[in-house]
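> With the sequence up front, the predicted model follows.
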Amino acid sequence: MTKLDSKQRVKFYQKGTFTVGNRLVNKKERSVQASMERSNAITSGHRACQGCGEALGARYALDTVMRITKGKAIACNATGCLEVFTTPYPETSWQLPWLHSLFGNTPAVATGIAAALKVKGKKDVRVIAQGGDGGTIDIGFGCLSGMFERNDDVLYICYDNEAYMNTGVQRSGATPPTARTATTMPVGDEPGNVFGTGKNMSLIAMAHNIPYVATASVSNLHDLEKKVEKAMTYRGARYIHIYVPCPLGWGHASDITIQLARLVVDCALFPLFEAEHGAVTSSTPIRKKVPVEEYLRPQRRFAHLFKKGAIDVERIAKIQKMADENIKRFDLLRKEEETTI
Amino acid sequence: MKKRKKIISKKAIEKERKNIKKPFAITLDVGSSLANETGSWRTERPVYLDRLPPCNNACPAGENIQAWLYLAEEKDYQGAFQEIMKNNPMPAIHGRACYHPCETACNRKDVDSAINIHAVERFIGDQAIKHSWIPKYNTKPSNKTILIIGAGPSGLSAAYHLTRLGHKVTIYEAGPVAGGMMSFGIPAYRLPRDIINAEVKRILDMGVKLKLNHKVDNVVHDMKTGKFDACFIAIGAHLANRINIPTPDTSKILDAAGVLREMETGKNPPKLGRRVVVYGGGDTAVDVARTAKRLGAEETIIVYRSGREQMKAHEFEVKEALEEGVILNWLTTIKEIDNSGSIKVEKMELDNEGYPKPTGKFETIEADSMVLALGQNVDTSFVEKVPGIKVSDKVVEVNSNMMTGYPGLFAGGDMVPSERTITVAVGHGKKAARQINTWLSGKTYKPLPKNELASFDKLNKWYYADAPITVQPQLDTIRRQTTFEEVLGGLDGSNALYEARRCLSCGNCFECDNCYGVCPDNAVIKLGPDNRYKFNYDYCKGCGVCVKECPCGAIKMIPEQI
């Protein structure tokens, strides 16, 4: 049980502590999403699936950027779900200047934008590059590494839904082990995606020693917004990796998008942390740990692990081990002395 | 041969440009996606609704607890006071003496622990007394006068609500003070007398006439002489239940109600002696035992026929009694009292069905006095004379409108079938007042349909931070044994605020902006402070994320009408 001293008690807004907004908190302390003046970077009418996590993740991140830069931001987008559902010709949902690059060259195009702004002397206009996990981790990897290495002033945001969703759920370098995709069917000796494959893009970004790297989840809005805000205070190459559930691709009910994003954090499969210049500077402790099974069960892409009468205990244990390693590495189960109110 | 360069003028270039046909891919101007109304994708739609919080559902006085906690957490204590006063005119008393079924029902107990509702209500009630707040209401005065018999919690509540509805009220009270069981049944260490006086005075100051020491013998006659249009009887249950215990000296056997009444009205406190035995297992037994301790009894023993778990007294009362040194002899019955004052008791044991049966083992307890706390009965003598009134099981029968068999004669409180607490009595008073009001206008009362219950499964508890309950400060044991000072202290300003803010606001929107923030399609319109939200059904795809992420369960999905 968290202990609050008398000063903290009076400030205790309990209901608003983790909700998007709170009528008891003054407006400055509320999240960007709570404001009636939020820019709604992705407005209504887009063609995302019901309950799409990426639509949320992108709006959360870009609304924060728009508030900080007072609307002076240019976004460059890789091909993928986000680009396709927001801009079916001739309509667009974007409320900020937006470019569509090729699938794999978004970081390079963003570099070009940043360079052009520098030449024109427009110091207040900032550049955001965004893409899905396929466009970032696999196809755009080379360009991204180059952008990091040159330390170009671009914030790259990766929306990780763990497969190439737009083209029909094919496996990417972010697909978790045992997940079923169109190219990793649950057959044979190693059903689903194979253990031991895949890349941890946040750690790779850290290895480039760039000024700021962070991971975030759409379930922890305040955390996500803080990280985007912090990223914008730096100049140079920055990377934020946002976890976004995909109801269609993962086979879960459309109303549990946020719940799954919460479970993945609470079971430690997706640690929330920040790093600067190659060293981890902070991590968000887990409020209430859950076993990985609770996260895996609601998704049909893991259904083959839970066959009636033949639960794949061994593979689930392997996944749990991955989670436990994250806990150790990022100290996720520590007890915080003060509660963040 | 020199080739002459062809000079192309700017004009010519412009002309060329205008004649070029644009490729199809850029013939359309960029438009907004708002043209694409994705609401057509839906098969079900979310709707906002208010659900019934379990605390409101459990309150016998029908308080809208969630609503006044909502105001209290904004520091609007006077607003919270007005909200309480809509249903219950005596918050300071209830904050001390109510058994808070609201807290037993509170959903927060499944997060950490229930809200300390009675402590916050007490704080608001005390603030009201301190600042002399009065209830605010608008009503047209009617020309009806109502008689109320009994100035206990039920009668006072009825008087309050009837005055609030615009009628004139007169109360006839048989005793020398108002308050009923609040004054004569609940000891001062739980309910200080100045609190009772302040809240009673606030009701009387609204224009209620009170005649003390005025016992009613013929109700119908009094109604005619006083030209009363209706009557509410709430005389309570003051007659003690007695059993036959063989004893040479009946003067040593007292009854609990009598002892507590003498505490209130007698010139000197009752003399119970150094060793007191209390027979019974209800709250009154415990109250008398604790009173005896404070009056100087060195040893106070509660003797109860069945086991500890079967005792009807509330757990916390027994706990406080034991802390003060009261001794509990359960599974013991009293057989007889002999000449020297020794009490012969028989030990009991529980049989397989959990009923006590005699063991044949006897013991002797020495005592200076014995107090029977075996339950109380209604004095139905004067009521039985009224034609149409039916008494069964020693209580007066009333229909669902609180009316007896005699038209215009209503009854409530301990004298009708009820769980005998002051909160239930206050609830009866309110209900009877509204029924009388409707009856006088010649209409029938139609209760509004209740909202569906905001059970715990409708909430999303992740959004509520851990926050342990604020416990009220307790007087130390020595002071408790020797004085009648209040045992439980109240909360102060910051504690009360903190406690009110722990409320989950079950089933009622508290404008947390979650639905507004969590909709992937931006299909929730925020209407501003105090105006909540509206769904933009042109774009809502019916994904249901808002329903799942609403912390208090104030949204639900309904099938789309196709």
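Arrived safely, thanks for sending.

> C-alpha from now on. contacts and neighbour counts both.
OK.

> and A:R334, how many residues sit next to it?
Neighbourhood size, A:R334 [other C-alpha atoms under 10 Å in any protein chain shown]: 13.

> in chain B, which strand has the most residues?
Secondary structure of chain B read by DSSP state E shows that its longest strand is strand B:356-366.

> which of the residues in that strand are buried?
Residues B:P356, B:P358 are the ones in strand B:356-366 that count as buried (16 or more other C-alpha atoms under 10 Å in any protein chain shown).

> Quick one: distance of it to the chain centre.
Here strand B:356-366 is found 41 Å from its chain centre; the criterion is C-alpha atoms, centre = their mean, to the nearest Å.

> can you pull the contacts of the residue of the stretch 201-341 of chain A found nearest chain B?
Closest residue of the stretch 201-341 of chain A to chain B, C-alpha to the nearest C-alpha: A:D255 (4.1 Å). Residues near A:D255 by C-alpha atoms under 8 Å, 6 or more residues apart in numbering or on different chains: A:G51, B:C543, B:G544, B:V545, B:C546, B:V547, B:K548.

> and the gap between the fourth one and chain A?
It stands for B:V545. From B:V545 over to chain A the distance is 4 Å, taken as C-alpha to the nearest C-alpha, to the nearest Å.

> Without its sequence neighbours, what residue ends up closest to that residue?
Nearest residue to B:V545 in three dimensions, chain neighbours excluded: A:D255, at 4.1 Å (C-alpha to C-alpha, 6 or more residues apart in numbering or on different chains).

> Over to the fifth one?
Using C-alpha to C-alpha, 6+ apart and skipping the chain neighbours, the partner closest in space to B:C546 is B:C515 (4.8 Å).

> so who does that neighbour touch?
B:V524, B:C546, B:V547, B:E549, B:C550.

> between those, which is nearest B:E315?
B:C550 (35.7 Å; C-alpha to C-alpha).

> Tell me how far the closest one lies from A:Y243.
21 Å (C-alpha to C-alpha, to the nearest Å).

> any low-confidence regions in chain A?
A:1-17, A:336-341 (pLDDT under 70).

> if you set the cut-off to 90 instead, what comes out?
A:1-30, A:37, A:89-90, A:287-288, A:310, A:334-341 (pLDDT under 90).

> Can you tell me the centre-most residue of it?
A:I242 (0.6 Å; C-alpha atoms, centre = their mean).

> what's the helix or strand for it?
Element membership of A:I242, judged by DSSP states H and E, is strand A:238-243.

> List the neighbouring strands of that strand plus their orientation.
According to DSSP bridges, strand A:238-243 forms sheet pairs with strand A:155-160 (parallel), strand A:212-217 (parallel).

> who touches the first one?
Under the criterion C-alpha under 8 Å, 6+ apart, residues A:54, A:57-58, A:107, A:127-133, A:136, A:174, A:231-232, A:236-244 lie in contact with strand A:155-160.

> Kindly report the same for the last one.
Applying C-alpha under 8 Å, 6+ apart, the external contacts of strand A:212-217 come out as A:57, A:202, A:205-206, A:223-224, A:227, A:231, A:234, A:237-244, A:261-262, A:265, A:271-277.

> Weed out the non-buried ones from these.
A:57, A:202, A:205-206, A:223-224, A:227, A:231, A:237-244, A:261-262, A:265, A:271-276.

> hang on, the earlier thing: CA-only coordinates of the longest strand of chain B in CSV, if you can.
What follows is strand B:356-366, C-alpha atoms only, in CSV (Å, rounded to 0.1, in the frame of the first residue of the first chain):
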residue,chain,number,x,y,z
PRO,B,356,-27.8,-23.2,21.8
LYS,B,357,-28.8,-26.1,24.1
PRO,B,358,-28.4,-26.5,27.8
THR,B,359,-25.4,-28.5,29.1
GLY,B,360,-26.6,-28.9,32.7
LYS,B,361,-23.5,-27.1,34.0
PHE,B,362,-24.2,-24.3,36.4
GLU,B,363,-22.2,-21.4,37.7
THR,B,364,-22.8,-18.5,40.0
ILE,B,365,-22.1,-14.8,39.2
GLU,B,366,-22.1,-12.1,41.9
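
> Below-threshold pLDDT in the stretch 151-300 of chain B: ranges please.
Where the stretch 151-300 of chain B drops to pLDDT under 90, the residues are B:175, B:181, B:183-190, B:217-220, B:237-274, B:280-284, B:292-298.

> All the helices of it, residue numbers only.
B:153-164, B:181-184, B:193-204, B:219-226, B:256-265, B:283-294 (DSSP state H, counting those that start in this stretch).

> looking at those, which is buried most?
Neighbour counts (mean count of other C-alpha atoms under 10 Å in any protein chain shown) averaged over each of the helices of the stretch 151-300 of chain B peak at helix B:153-164, with a mean of 29.

> circling back to that earlier point, backbone dihedrals for the residue of the stretch 201-341 of chain A closest to chain B, please?
Main-chain torsions, A:D255, degrees, to the nearest 10: phi -90, psi -10.

> Give the buried residues for the helix or strand where B:F316 lies.
Using DSSP H and E, B:F316 sits within helix B:315-323. Within helix B:315-323, the residues that count as buried by 16+ other C-alpha under 10 Å are B:V318, B:E320, B:A321.

> ok, these vs chain A, which is closest?
B:E320 (26.2 Å).

> got the contact list for the closest one?
Here B:E320 is in contact with no residue (C-alpha under 8 Å, 6+ apart).

> Can you read off the pLDDT for it?
Looking at B:E320, its pLDDT is 89.

> mind checking how far it is from B:R480?
10 Å.

> can you list contacts of the helix or strand that contains A:Q259?
According to DSSP H and E, A:Q259 maps onto helix A:257-266. For helix A:257-266, contacts defined as C-alpha under 8 Å, 6+ apart pick out A:51-53, A:217-220, A:243-247, A:270-272, A:286-290, A:292, A:294-295, B:545, B:549.
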